[in-house]
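Colleague: Pasted the sequence and its predicted model underneath.
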Amino acid sequence: MESRIEKTIERHKKGYNCAQAVVCTYCDLLGMDEEAAFRLSEGFGAGMGGMESTCGALSGAVMLSGLKGSDGNLEAPKTKGSTYKLSKEIVKRFREKCGATICKELKGVDTGKPKHACPDCIKDAAAIVEDMLLGEKNE
């Protein structure tokens, strides 16, 4: 797969929030159309609640882990455990790369010292998606 990391930044510059930029760039590879992905991920931008919670780019990566890992079985779901494990590893890697997972910490709202700008969070989340969800070992 050719890297789409720069496409995430193009979407963000176009007005997509951080979650939308990540989810919409890769959703087609995991069976979801872009309009549905755009609408689904809209509420996850700006750290869910005006920078108070999880980074949107990270939320987008975790949403994609569900698209990758879920069996979609509405009657007897069996994949939650493995998807949770995958999501936990995504969060761990993001924290290691970015220094935090909470939007306002990443932006330095309380300290005045930003740890990671939105484009960097988006790029790092996209790199994790490409490695963990779309890499050759996962296909």
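Modeller: Sure, I can see it. On a predicted model such as this, the values are computed, not experimentally measured, just so you know. Residues are numbered from 1 along each chain as shown.

Colleague: quick one: low-confidence ranges for the protein?
Modeller: Along the chain, segments meeting pLDDT under 70 span 136-139.

Colleague: what ranges do the strands span in it?
Modeller: Assigned by DSSP state E, the chain shows no strands.

Colleague: just checking, what's the longest helix in it?
Modeller: helix 80-98 (DSSP state H).

Colleague: Can you give me the buried ones in that one?
Modeller: Buried positions in helix 80-98, judged by neighbour count with 16 or more other CB atoms under 10 Å: 83, 86-87, 90-91, 93-94, 98. All C-beta atoms are positioned from the backbone trio N, CA, C, and that covers glycine.

Colleague: what about the helices in the chain?
Modeller: Assigned by DSSP H, the chain shows helices spanning 5-14, 18-26, 34-41, 56-69, 80-98, 103-107, 118-132.

Colleague: could you list every residue that touches residue 15?
Modeller: If you count contacts by CB atoms under 8 Å, 6 or more residues apart in numbering, residue 15 has none.

Colleague: do that again at 10 Å, thanks
Modeller: Taking CB atoms under 10 Å, 6 or more residues apart in numbering, we find residue 15 in contact with residue 21.

Colleague: gap between it and residue 24?
Modeller: Applying CB to CB, to the nearest Å, the value for residue 15 to residue 24 is 12 Å.

Colleague: swap in residue 112?
Modeller: 32 Å.

Colleague: what about those two, which has more around it?
Modeller: Remark: of residue 112 and residue 24, residue 24 carries more neighbours, 23 against 6, as counted by other CB atoms under 10 Å.
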